[in-house]
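>>> build me a model:
(one chain, ligands or ions: 2)
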Amino acid sequence: MDQALNILRRVFGYEAFRHHQAEIIETLLDGGDAFVLMPTGGGKSLCYQIPAMVRPGVGVVVSPLVALMHDQVTALKLLGVRAACLNSTQDRETQRAIEAQAKRGELDLLYVAPERLLTDNALALLDETPLALFAIDEAHCVSQWGHDFRPEYRQLSVLHQRFPDVPRLALTATADRRTRAEIVEQLDLKNARTFVNSFDRPNIHYAITDGQNARERLWRFLVNEHPDDAGIVYCLSRKKVETVAEWLTAKGREALPYHAGLPAEIRERHQSRFLREEGLIIVATIAFGMGIDKPDVRFVAHLNLPKSIEAYYQETGRAGRDGEPADAWLAYGLQDVITLRQMTLQGEGDALHKRVAHQKLEAMLGLCELITCRRQALLAYFDETLDAPCGNCDNCRNPPETWDATEPARKALSCVYRTGQRFGVNYVIDVLTGKADERIRRNGHDRLSTFGIGTDLKATAWRALFRQLIALGYLETDAEGYGALHLTEKCRPLLRGEVTGLRLRRMQKRVKADIRPMDSEVSELSAEEEALYDELRRHRNALAEAQGVPPYVIFANSTLRGMARRRPLDREAMARISGVGEKKLERYGDEFIDLIREYEAPIT
Ligand code: ADP
Ligand code: ZN
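Residues are numbered from 1 along each chain as shown. Ligands and ions are numbered 1, 2, ... in the order given. Purely as a prediction, here's the structure:
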C-alpha cells in the first residue's frame, strides 16, 4: 500500500485516496476480486491503474469504446505510465510491437475492446503475457436490460475460467439492483468484494420543466445559465437531433449533431471536437455518451423524456464529472408520454421485458411530476436515503405551486368515458372545450353531457392535466395509432367522488430567473484570480491544440484554478497543487510558473 500511495502522489499528483479507492486497491494487491459501484467522476480509473502499476505484469483493461481508449492511453503516457491499446484501427506492425511489449511485461496497462479480447489470437497472447489483473470497465454492458448491452460482455467469464489466479475488477456507474445482480452472475463475481459508493452527485442541480415551448425554454436556459459552457442536449430521434443542432447554430451557439445514422467519420470528428474545444454543444441521441470522459460538461439537457430513471441518471451523470456545479435540465410534454408509452408497448421482447419497461417509464414519469425534492426521490430509487431535502434541485429552490385538480380531473375522465375510450387527447379536449367541429357532430359528441363543460380552462391547461393524469396512472394510451385514451382501475374512487383534494403541479408560466447554487467554494475565484485563471487556461488550450490532445489531459480546470488561487512561484510549490504529478511538473511546470510570475510582476 505504501507503494500505491506513493504512486498516487508522485505520478498523479493527488494527496489522498478518495471513497473506497484504498480498500479496492488493497483487495487487488492481495490477489482478490472486486466489484466497484461508483458514480461517474468518483475516481474509478485509479482503482485498477494503480494496482496494475504496483503488481508485476500487465493490467488488461476491457473497455467498450475504441474511440476513447486512445485518449485514455494518451493521458496515461503524459503521466509517464507505460500504457497502450490494441484495436483494429492500428496497422499490423504497431499491433505486433505492442503485443511483443506485453509479452515481455513492459506495459503496465493494456486497453482492449471486448470483441477483440475474445479472439483466439488475443487469448493466446494473454497465455504468454505476465498478467497483473483484469479490469472490466462499464460492466453494466453485460445487462440485457440496459441500453448499453454488448453481447460480447457475456463471454468475459472466460477470463476467469482461463486465468483463475488473476485478480479481476468490474466497474460500473449504473446503480440499479437488477443490473448489479446480473453483473455478478454473468461475470462470475460471487466471491468478489463489493464496494458501493453513494450515488449522490451533489454538484448537479436537477430541474424538470413541462415541455410547452421546450426549445424556447432551452434557449433561455442556455443564455441565462450557460452562455459559453460545453454541454449535451439529448433528443429522441435522429431528425430532431439534426433540426435542434441547426436551430441552435442559427441562433448563434455552435452545436454539432451526433446520432447512429451519421457516417462514422463525422461522428468521430464531432466527438473529438467536443472533447478538444471549449464551449461546444453536442445534440445527440442516446447513442452518444457512454464513457465520455470530458470532465467539464457543464449541463446535460433533455428535450425528450428518458425511458427510465436509470437512463436519466446515467445521461445526466455526464455533467460535472470534475465535481464543479453543473445542471441537469429536462423538458417534457404530453406527446413524449404518449410516444414513449407506445414504444414500450410495441417494443421488442417478451411480456416480461415489456412489463419491466413499462414500470421503469412509470417511475420516470413519477419523478417528473414530483412536487418534493428530486434528489431524495432519485436516491431512494437506488435504495439510498437522503435525510433532508437537498436544496439543489428545482423543487427545493423554487417549491412548485400546486392546485386542487379534483373537479377538472373528474371532468376529463368522464369525458374520456363518454366518448367511448376510443379517442386521443386532442379530440377529448375539443369535446371538453365545446369545439363543435364536423367530426364531433358526426359522432354525436356535441350532445354529450360533457360537451363544453371545460371552457373554464384553456386547451394548454387541459393538455397539462391530461399529461399528469397519464403520468399518474389514471389514464392509459393505446399502443397503436394516435393513442386512444382509456381509464384504469385507479379512476374509480376519483369518479365516484371518494377521492378529494387531488393536488397537481401547476404549469410553469414563465421560467423564473434561477438562483445559482452558492454552496460551491470551488468555483469562487476573486476577479483577479479569475483573470489569471483565464490566462492559464488559454495557455493550456494552446498546448493541447498543438499536441492534438483534449485540454484536460494536460491539466484539469480544477488544477488550473488551484494554481490561480495559490500562485506557485517555484517547482516545489507547484508540485503541491492537486493534479500536478512528477511528469507534468517536469514537462509543463516551468512555463506555467513563468505565466504566474509575469502576472505577479508589477507593470512598469
Ligand atoms: P470515473 O471513471 O469514476 O468517472 P475518473 O476515474 O475519470 O472517474 O476520475 C474522475 C476525476 O477525479 C479525474 O479527474 C481523476 O483524476 C480525479 N481523481 C480520482 N481519484 C482522485 C483522488 N484520490 N484525488 C483527487 N482526484 C482524484
Ligand atoms: Zn432537492
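>>> which ones are touching S45?
S45 makes contacts with Q72, as judged by Cβ atoms under 8 Å, 6 or more residues apart in numbering. C-beta: built from backbone N, CA, C; applies to glycine.
>>> quick one, strands of the stretch 251-400 of the chain?
Counting by DSSP state E, counting those that start in this stretch, the stretch 251-400 of the chain has strands at residues 255-258, 281-284, 299-302, 326-332.
>>> middle-most residue in the chain, spatially?
E315 (2.4 Å; Cα atoms, centre = their mean).
>>> residues in contact with the nearest residue to D590 once chain neighbours are set aside?
Excluding the flanking residues, the one nearest D590 by Cβ to Cβ, 6 or more residues apart in numbering is R571, at 7.6 Å. Contacts for R571 (Cβ under 8 Å, 6+ apart) come out as 585, 589-590, 593.
>>> give me the number of residues near N443?
By other Cβ atoms under 10 Å, 16 other residues sit near N443.
>>> residues contacting the closest residue to it other than its chain neighbours?
Spatial nearest neighbour of N443, excluding adjacent residues (Cβ to Cβ, 6+ apart): T419 at 7.6 Å. Taking Cβ under 8 Å, 6+ apart, we find T419 in contact with 427-428, 431, 443, 445, 448, 450.
>>> still on that earlier bit, wait, which of the strands of the stretch 251-400 of the chain is closest to E265?
strand 255-258 (12.5 Å; Cβ to Cβ).
>>> got a list of contacts for that closest one?
Here strand 255-258 makes contact (Cβ under 8 Å, 6+ apart) with 233, 241-242, 244-245, 248-249, 267, 270-271, 273-274, 280-285, 287-288.
>>> recalculate using a threshold of 10 Å.
222, 231-233, 235, 238, 240-249, 262, 266-271, 273-274, 277, 280-285, 287-289 (Cβ atoms under 10 Å, 6 or more residues apart in numbering).
>>> please narrow those to those residing in helices.
222, 238, 240-249, 266-271, 273-274 (DSSP state H).
>>> buried by neighbour count, from those residues: which ones?
222, 238, 240-242, 244-245, 248, 267, 270-271, 274 (16 or more other Cβ atoms under 10 Å).
>>> what's the farthest-apart pair in those residues?
Counting by Cβ to Cβ, the most remote pair of those is L222 and R267, 23.2 Å apart.
>>> what is the mean pLDDT for stretch 158-166?
Here stretch 158-166 scores 93 as its mean pLDDT.
>>> what residues of that stretch count as buried?
Buried-residue list, stretch 158-166, by 16+ other Cβ under 10 Å: 159-160, 163, 166.
>>> give me the distance between the two termini of it.
Using Cα to Cα, to the nearest Å, the end-to-end distance of stretch 158-166 comes out at 12 Å.
>>> same check, this time on stretch 551-571
Stretch 551-571: ends 22 Å apart by Cα to Cα.
>>> OK, contacts around the closest residue to ligand 1 within the stretch 451-600 of the chain?
Per Cβ to the nearest ligand atom, A556 is where the stretch 451-600 of the chain lies closest to ligand 1, at 5.5 Å. Taking Cβ under 10 Å, 6+ apart, we find A556 in contact with 295-296, 321-324, 540, 562, 578-579.
>>> let's see it at 6 Å
G579 (Cβ atoms under 6 Å, 6 or more residues apart in numbering).
>>> quick check on it: phi, psi?
phi -70, psi 160 (degrees, to the nearest 10).
>>> for this protein, what lies in contact range of ligand 1?
14, 17-18, 21, 38, 40-46, 295, 321, 556 (Cβ under 6 Å from any ligand atom).
>>> buried subset of those?
Judged by 16+ other Cβ under 10 Å, buried ones among the residues of the chain next to ligand 1: 14, 17, 21, 38, 40-46, 295, 321, 556.
>>> can you lay out those as JSON lines showing pLDDT and distance to Q359?
Shown next, in JSON lines, are those (pLDDT from 0 to 100; distance: Cβ to Cβ, whole Å):
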{"residue": "Y14", "pLDDT": "94", "distance to Q359": "41"}
{"residue": "F17", "pLDDT": "94", "distance to Q359": "38"}
{"residue": "Q21", "pLDDT": "96", "distance to Q359": "35"}
{"residue": "M38", "pLDDT": "90", "distance to Q359": "26"}
{"residue": "T40", "pLDDT": "80", "distance to Q359": "25"}
{"residue": "G41", "pLDDT": "80", "distance to Q359": "29"}
{"residue": "G42", "pLDDT": "84", "distance to Q359": "28"}
{"residue": "G43", "pLDDT": "90", "distance to Q359": "32"}
{"residue": "K44", "pLDDT": "93", "distance to Q359": "29"}
{"residue": "S45", "pLDDT": "94", "distance to Q359": "33"}
{"residue": "L46", "pLDDT": "96", "distance to Q359": "36"}
{"residue": "P295", "pLDDT": "86", "distance to Q359": "34"}
{"residue": "R321", "pLDDT": "87", "distance to Q359": "30"}
{"residue": "A556", "pLDDT": "90", "distance to Q359": "39"}
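>>> outline the domain layout of the chain.
Listed domain ranges for the chain are 2-196, 204-397, 402-505, 527-596 (source: automatic domain parsing).
>>> between those domains, which one is nearest to ligand 2?
Closest to ligand 2 of the domains of the chain, according to Cβ to the ion: domain 204-397, at 3.3 Å.
>>> list the beta-bridge partners for the closest residue in space to T249 that isn't next to it in sequence.
Sequence neighbours aside, A255 is the residue nearest to T249 in space, at 5.2 Å (criterion: Cβ to Cβ, 6+ apart). Here A255 shows beta-bridge partners I281, assigned using DSSP bridges.
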